[in-house]
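**Student:** can you look at this prediction? I've put the sequence above it.
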Amino acid sequence: MEDVLSFVNEQVFGVWFLIGAALVFWMQAGFAMVEAGFTRAKNSGNIIMKNLMDFCIGTVMWFLIGASLMLPAADGGKDILGFIGTPGFGVFTDYANFSYSGFVFNLVFCATTATIVSGSMAERTKFSTYCLYSAIISGIIYPIEAHWTWGGGFLVNMGFHDYAGSNCIHMVGGICAFIGAAMLGPRIGKFTRDKKGKITKVNAFPGCNLVIGALGVFILWLGWYGFNGAAATDIPTLGSVFLTTTVAPSVATVVCMLFTWIKYGKPDVSMCLNASLAGLVAITAPCDVTDCTGAAVIGAVSGLLVVFGVWFVDNVLHVDDPVGAVAVHMFNGIWGTIAVGLFATASAPGFALTGIKEGLFYGGGFAQLGIQFVGMFITAAWTVVTITIAFFILKKTVGLRVSEEEEIVGLDAMEHGLASAYSGFSIMDVSNTMTMAVNENTDLGNDDYITASTAQQNAAVPVVKQPVMSGSGIYKVVIIAKLSRYDKLRKAMNDLGVTGMTVTQVMGCGIEKGSGEKYRGVEVDATLLPKVKVEVVVSTIPVDDVIETAKKTLYTGHIGDGKIFVYDVDRVVKIRTGEENLAALQDVE
């Protein structure tokens, strides 16, 4: 009878193991929704494509080389000093005896590591480069360090514990995300600089769809039960893992809500979504060896740490992380790894299966805490060195970043020929597009205006002047130009003395055909292009100066530089004071 029960138990948990792997795969959808919701609509198609390719490229790299490096024994290879596996290619040479379940289970974890990087480098990374470094992470960086902990390597043999990946997945992915975002540089307009180049302000870029972002968080939370629980082989351990995986993110979110409510006056929606994920990341390493109290404390720290992390990355390190990946995964991956040495307790049903020592707060002293620090530092050092080399080589060869104009127009259109991921909806990008400031990446246009012929200038920026309707001396100048030229135009107008203007983001349609992009193999007549419409009313400033300044600023010599329309204004009335004409304009110019 015991043999029968043992067989049934083995089969049941074998099925649960694969169900857990499927739940972890489903987390790819969660990551995609969080990233798309926390960024701007003009890049949503690019983000979906990146998250799709993370898993697909990861799968290819995994069966070619990754599985052998991480799990040499299961793939017919050999372990070299507990550091790295040798390729065995058992998936090709001995398929009948291959560990199919183990292959798939570890593959979905590998893909998660690469996906973390996508969010921090969103909205300005070349798609081709993204595919390359995703392959490097999936095929080399992750499998080798994961072997040390989960493939029979030297870290697990010294007593290091990371049950489901705070260290091996989230900290590693977070470090890659931080270094990638730092080397890539901030999105245009993220930081305002003074004339000396010193950052004086951090600008907010609200996400285009927090509903989608929240859906992504719920998908990730559901998938996390498989992420943390799939490796459990008995009911008590599985139940305890589910408990801690529920308590930690819940407490983290509540603490974050209260903290942001007190600090900012209102509870912050996006920060609380980040806090849920932060709590999940932190509990991932100790979920099998801690109890409810430990999970609650771990979650409480995570709820504060994620707020601090977002602030620190933005305001101190000045690294642009659109989705908070560094604060969520790197900061809390580190915290979760350390937490094993603080909160591991023999009362947890999974503790006896690990062979580790109890944590500091449960009477175990500093022994396990020291081991956790050593394992964490070794893994972090490996990741820093390898990903820095990878990004450096990619930056010097194929390049990391798209051009400034591609970034402003949007990666959907420029990288994928997709007019919009939300076709049929009217999309107005108000997240700092209209308040851009020059940063180290600003390099649009050219200085050929002075040397270009008058005929070329007039052809590039024709002036259409309406018939004079009055002699008031007040003019309205309407400038329609490329969206990517707005910031230069705004600064030029300010330098001229114009401080008041009306700005509208519009779509321009010309008689020339579009670029011939294709959607699902069918050509799209892409005649609608993003433009900016700037309206200025002047009186004491000569209108010809406004026209000349605009022409010089907007000129590139290419079709689509824009047009300038000049109107006489018959009468101006200031509503607040009743002043008219020149007096009404005194707080405008």
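**Tutor:** Structure received.

**Student:** can you give me the helices in the stretch 1-150 of the chain?
**Tutor:** 2-38, 44-61, 67-70, 90-93, 100-120, 127-136, 142-150 (DSSP state H, counting those that start in this stretch).

**Student:** and the third one, what does it pack onto?
**Tutor:** Using 3 or more CB pairs under 8 Å, 6 or more residues apart in numbering; DSSP states H and E as the contact definition, the elements that helix 67-70 packs against are strand 84-85, helix 100-120, helix 142-150. Placement of C-beta: from N, CA and C, glycine included.

**Student:** what packs against the first one?
**Tutor:** Meaning strand 84-85. Short answer (3+ CB pairs under 8 Å, 6+ apart): strand 84-85 packs on helix 67-70, helix 142-150.

**Student:** give the buried residues for the very next helix or strand once past the last one.
**Tutor:** Stepping forward along the backbone from helix 142-150, the first helix or strand reached (DSSP states H and E) is helix 154-157. Residues of helix 154-157 classed as buried by neighbour count (16 or more other CB atoms under 10 Å): 154-156.

**Student:** which other residues reach helix 154-157?
**Tutor:** Contacts made with helix 154-157 from outside it, assessed by CB atoms under 8 Å, 6 or more residues apart in numbering, are listed as 81-83, 148-150, 375, 378-379.

**Student:** what is the burial count for the closest residue to residue 190 other than its chain neighbours?
**Tutor:** Ranked by CB to CB, 6 or more residues apart in numbering and with sequence neighbours excluded, the top spatial neighbour of residue 190 is residue 320, at 4.6 Å. By the other CB atoms under 10 Å criterion, the neighbourhood of residue 320 contains 26 residues.

**Student:** from residue 310, how far out is residue 320?
**Tutor:** With distances taken as CB to CB, to the nearest Å, residue 320 is found 11 Å from residue 310.

**Student:** could you list the low-pLDDT ranges of this structure?
**Tutor:** Across the chain, the ranges flagged by pLDDT under 70 are 1-9, 75-76, 424-471, 508-529, 587-589.

**Student:** would you map the strands across it?
**Tutor:** Under the criterion DSSP state E, strands of the chain are mapped to 79-80, 84-85, 191-193, 199-202, 463-465, 474-482, 502-509, 518-519, 522-523, 528-538, 562-569.

**Student:** deepest of those, which one?
**Tutor:** Stretch with highest mean neighbour count among these: strand 84-85 (a mean of 24; mean count of other CB atoms under 10 Å).

**Student:** how about residues contacting it?
**Tutor:** Contacts made with strand 84-85 from outside it, assessed by CB under 8 Å, 6+ apart, are listed as 68-73, 75, 77-79, 143-144, 147, 151.

**Student:** quickly run through the sheet partners of it, with directions.
**Tutor:** Taking DSSP bridges as the criterion, strand 84-85 sits next to strand 79-80 (antiparallel) in its sheet.

**Student:** got a list of what the residue nearest to the spatial centre of the chain touches?
**Tutor:** What sits nearest the mean C-alpha location of the chain, by CA atoms, centre = their mean, is residue 119, with 1.6 Å. Listed by CB under 8 Å, 6+ apart, the contact partners of residue 119 are 31, 34-35, 38, 177, 321-325.

**Student:** before we move on, back to that, including distance to residue 479, could the helices and strands packed on strand 84-85 go into a markdown table?
**Tutor:** Conversion of the helices and strands packed on strand 84-85 to a markdown table gives the following (distance: least, CB to CB, whole Å):
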| stretch | distance to residue 479 |
| --- | --- |
| helix 67-70 | 58 |
| helix 142-150 | 51 |
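
**Student:** redo those as TSV? Include mean neighbour count and distance to residue 134.
**Tutor:** Converted to TSV, the helices and strands packed on strand 84-85 look like this (neighbours: other CB atoms under 10 Å; distance: least, CB to CB, whole Å):
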stretch	mean neighbour count	distance to residue 134
helix 67-70	27	16
helix 142-150	25	11
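
**Student:** re the thing from before, for the buried residues of helix 154-157, which one is nearest residue 533?
**Tutor:** residue 155 (59.5 Å; CB to CB).

**Student:** tell me the contacts of the nearest residue to that closest one once chain neighbours are set aside?
**Tutor:** Nearest in space to residue 155, with sequence neighbours left out and distances taken as CB to CB, 6+ apart, is residue 148 at 4.1 Å. Going by CB under 8 Å, 6+ apart, residue 148 touches 82-83, 154-156, 160, 375, 378-379.

**Student:** can you list the residues you listed in a markdown table and add distance to residue 368?
**Tutor:** Formatted as a markdown table, the entries for those read as follows, by distance: CB to CB, whole Å:
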| residue | distance to residue 368 |
| --- | --- |
| 82 | 20 |
| 83 | 23 |
| 154 | 17 |
| 155 | 13 |
| 156 | 13 |
| 160 | 9 |
| 375 | 10 |
| 378 | 16 |
| 379 | 16 |
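
**Student:** quick one: which of those is nearest residue 346?
**Tutor:** Nearest to residue 346 among the contacts of residue 148, counting by CB to CB, is residue 160 at 18.3 Å.

**Student:** list the contacts of the closest residue to that closest one other than its chain neighbours.
**Tutor:** Nearest residue to residue 160, sequence neighbours excluded (CB to CB, 6+ apart): residue 375, at 3.6 Å. By CB under 8 Å, 6+ apart, the contact set of residue 375 is 148-149, 155, 158, 160, 162, 167, 337.

**Student:** try 7 Å
**Tutor:** With contacts defined as CB atoms under 7 Å, 6 or more residues apart in numbering, the neighbours of residue 375 are 155, 160, 167.

**Student:** same list (those residues) but as CSV, adding distance to residue 369.
**Tutor:** Shown next, in CSV, are the contacts of residue 375 (distance: CB to CB, whole Å):
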residue, distance to residue 369
155, 15
160, 11
167, 14
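
**Student:** which single one of these is nearest to residue 531?
**Tutor:** For the contacts of residue 375, the residue nearest residue 531 by CB to CB is residue 167; the value is 48.8 Å.

**Student:** which residue is the nearest non-sequential neighbour of that closest one?
**Tutor:** Once its chain neighbours are removed from consideration, residue 167 has its nearest residue in residue 337; the separation is 4.2 Å (CB to CB, 6+ apart).

**Student:** okay but that neighbour is in contact with residue 371, surely?
**Tutor:** No. Under the criterion of CB atoms under 7 Å, residue 337 makes no contact with residue 371, lying 10.4 Å away.

**Student:** looking at these two, which is more packed in?
**Tutor:** residue 337 (29 against 19).

**Student:** what's near enough to touch that one?
**Tutor:** Each residue near residue 337 by CB under 7 Å, 6+ apart is listed here: 162, 166-167, 171, 285, 372, 376.

**Student:** got TSV for the residues you listed, with distance to residue 228 too?
**Tutor:** Below are the contacts of residue 337 laid out as TSV (distance: CB to CB, whole Å):
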residue	distance to residue 228
162	11
166	10
167	14
171	16
285	10
372	18
376	19
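
**Student:** of those residues, which pair is most distant in space?
**Tutor:** Based on CB to CB, the longest span within the contacts of residue 337 runs between 171 and 372 and measures 11.6 Å.

**Student:** distance of residue 174 relative to residue 410?
**Tutor:** Between residue 174 and residue 410 the computed distance is 27 Å (CB to CB).
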